[in-house]
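A.B. asks: Got a predicted structure plus its sequence, pasted below:
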Number of protein chains: 2
Amino acid sequence: MRLHGYFRSSAAWRLRIALALKGLAREDVFVHLRRGEQRAPAHLARNPQGLVPVLELDDGTMLTQSLAILDWLEETHPAPSILPEGAIERARARAFALAIACEIHPVQNLRVLNRLRREAGFDDAGVAAWARETNAEGLAACEALVADRPGGFLFAGRPTIAEICLVPQLGNARRFGVDVARFSRLLAAEAAALALPAFAEAAPERQPDAE
Amino acid sequence: MRLHGYFRSSAAWRLRIALALKGLAREDVFVHLRRGEQRAPAHLARNPQGLVPVLELDDGTMLTQSLAILDWLEETHPAPSILPEGAIERARARAFALAIACEIHPVQNLRVLNRLRREAGFDDAGVAAWARETNAEGLAACEALVADRPGGFLFAGRPTIAEICLVPQLGNARRFGVDVARFSRLLAAEAAALALPAFAEAAPERQPDAE
C-alpha cells in the first residue's frame, strides 16, 4: 500500500497510526500541501477533492477520506481492532472521532484558513486566532464527552479510532498555541497512546518530509 | 426512540431518512437552533457538544453525531442495509458521505456562520456568499467523485449513506442560492431517492416544527 500524505496533515497522521497498529507496511508518497501539490493534475487524478490522504492499494485502487479508510482497514484487516466492543461503545467511539473529524478539523484546515485570508481579509494573527479558538472549543467539547471515563485509553483497554483522531488533533492544537493542560482526560488518553510505537512513530516531526 | 432535532438541521434530516428507510418509528423532540435551545442546560445534558441530532434510545441512552448513529443503526437493524455490497464500494460510499459531512457541512453550519459574523464582521450578504461558495465547491468535488457512475442511486441499486447525506446537502445548497443544475449526476441520485417516501417525508418543510 502507498500512503499519499503530508507530514503535517492530521488526516494522514491518523492513517499512519492505524496502519502501524494493524502491522501493515506502507510506502510513503509525499504531497506538499503548502506548495499546492494537492491541486496538481497528478494528485487530482488520485482524488478529485484535492485532499490528502489517499491510500493507493496494490491494484491501483485509490481510497480517500481518512475515516472511510479506517473503516475499510477494520473490515479487511480486523485484528487488532480499532473499535471497542459493543454497539453502544462503538457508537460512542465513533461519535468522539467524528466530533474531531467533523467539528474541529474541517474548520481549521488549510483550505478554510486560506479562504479566511482571501475573503475575510484575515492576516496571520487573525488566522491563528481562528484556528486556536476552534481547536480550544472543539477539544473542550471532546473533554466533556469523556471526562467521566476512567483509565488511559478512552473506550477500551487499547487504542481505538478515538485516540487515532485525538492524538493528531492535540498536535494541531498545540501548534496553534492552545493551552491543552485543562483537557486532563484527553491528555491521559494521549499519554497512553504515545507509549505505543505505532503512535510515537507517526508523529509529524518523525516523517521524512518534515520541515 | 426519540430524535432530538430541528427541521432545518441537515444532520437531523439524515437520521429522519435513515430511520424511515429501516422502518423504525420515532418520536420527534424539537430543539430550536435559531433560538439557541441547543445551548440550554437540558440539551447540553443530552449532548455536551450542544448539537443536534441526538438519538435517545428507550433506555435513556443518548447517541450523538449523525454518522456514528447511522453506523449504529446499520449494526443493530441491518435490514435493509444503507451500505453497498463489497468493502471497496463501502469505502467509496463512506468517502462520499464524509466528503459532505466533513468537507461541506461543517464549513457552512450555523456555528461557523455565527463565528464569521462575530469575528470577521461578515454581514448577511457575506455569510450567504461564504455558505454558497463552500456548498458549490464541495458539491463540485462530490460530482467529480461519482460522475462516471451509471444509474440513479450512486453505489447500489438502492439508497445508501451516500444519498442519505447528499439529499439534505443539496437542500442546503439550494437554500443558500447555489445553482445546482450543473451537478447532473448528483441530481439523478436525488431524484431516485426522492421517489421513495422515506426521503420525501423527511424534507424540512414537511416537519411539524417547520417555519
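C.D. replies: Happy to help now that I have it. Numbers count the residues shown, from 1 in each chain, chains lettered A, B, ... in the order given.
A.B. asks: Going by C-alpha atoms from here, please, whenever you check contacts or count neighbours.
C.D. replies: Fine.
A.B. asks: Tell me who's in contact with the nearest residue to A:L83 once chain neighbours are set aside.
C.D. replies: Here the nearest residue to A:L83 in space, its sequence neighbours aside, is A:T160; by CA to CA, 6 or more residues apart in numbering or on different chains that works out to 5.1 Å. For A:T160, the contacting residues are A:S81, A:I82, A:L83, A:P84, A:A93, taking CA atoms under 8 Å, 6 or more residues apart in numbering or on different chains as the criterion.
A.B. asks: Kindly provide the distance from the last one to A:L70.
C.D. replies: According to CA to CA, to the nearest Å, A:A93 stands 13 Å off from A:L70.
A.B. asks: For B:E201, see how far away A:L139 is.
C.D. replies: Separation of A:L139 from B:E201 (CA to CA) stands at 36 Å.
A.B. asks: So between those two, which is more surrounded?
C.D. replies: Between A:L139 and B:E201, counting by other CA atoms under 10 Å in any protein chain shown, A:L139 is the more crowded of the two (26 against 15).
A.B. asks: Mind listing what's buried along the helix or strand hosting that one?
C.D. replies: Taking DSSP states H and E as the definition, A:L139 sits inside helix A:124-146. By 16 or more other CA atoms under 10 Å in any protein chain shown, the buried positions in helix A:124-146 come out as A:126-136, A:138-146.
A.B. asks: immediately after it, which helix or strand?
C.D. replies: Counting by DSSP H and E, the element after helix A:124-146 in chain order, helix or strand, is helix A:161-175.
A.B. asks: Next secondary structure after that following helix?
C.D. replies: In N-to-C order, the element after helix A:161-175 by DSSP H and E is helix A:184-194.
A.B. asks: coming back round to it: what's in contact with the helix holding A:L139?
C.D. replies: Contacts to helix A:124-146, defined as CA under 8 Å, 6+ apart, come from residues A:96, A:99-100, A:103-105, A:107-108, A:113, A:116-117, A:154, A:173, A:176-180, A:183-186, B:47-49.
A.B. asks: Quick one, which of those are buried?
C.D. replies: Listed as buried from the contacts of helix A:124-146 are A:96, A:99-100, A:103-105, A:107-108, A:113, A:116, A:154, A:173, A:176, A:178, A:180, A:183, A:185-186, B:47-49; burial here means 16+ other CA under 10 Å.
A.B. asks: roughly how far apart are the residue located most distally from the centre of chain A and chain B?
C.D. replies: Each residue of chain A has a distance to the centre, and by CA atoms, centre = their mean the biggest one is for A:G121: 28.0 Å. Note on A:G121: its distance to chain B, by CA to the nearest CA, to the nearest Å, is 8 Å.
A.B. asks: Can you give me the distance of that residue to A:P84?
C.D. replies: In this structure, A:G121 and A:P84 are 44 Å apart, going by CA to CA.
A.B. asks: where does chain A come near chain B, residue by residue?
C.D. replies: With CA under 8 Å from any CA of the partner chain as the criterion, chain A comes near chain B at residues A:47-49, A:63-65, A:67-69, A:71-72, A:75-76, A:87-88, A:90-92, A:94-95, A:98-99, A:101-103, A:106-107, A:112, A:120, A:122, A:141-142, A:144-145.
A.B. asks: Any of those buried? List them.
C.D. replies: So, of the residues of chain A next to chain B, A:47-49, A:63-65, A:67-69, A:71-72, A:75, A:88, A:90-92, A:94-95, A:98-99, A:101-103, A:106-107, A:112, A:120, A:122, A:141-142, A:144-145 end up buried under the neighbour-count rule (16+ other CA under 10 Å).
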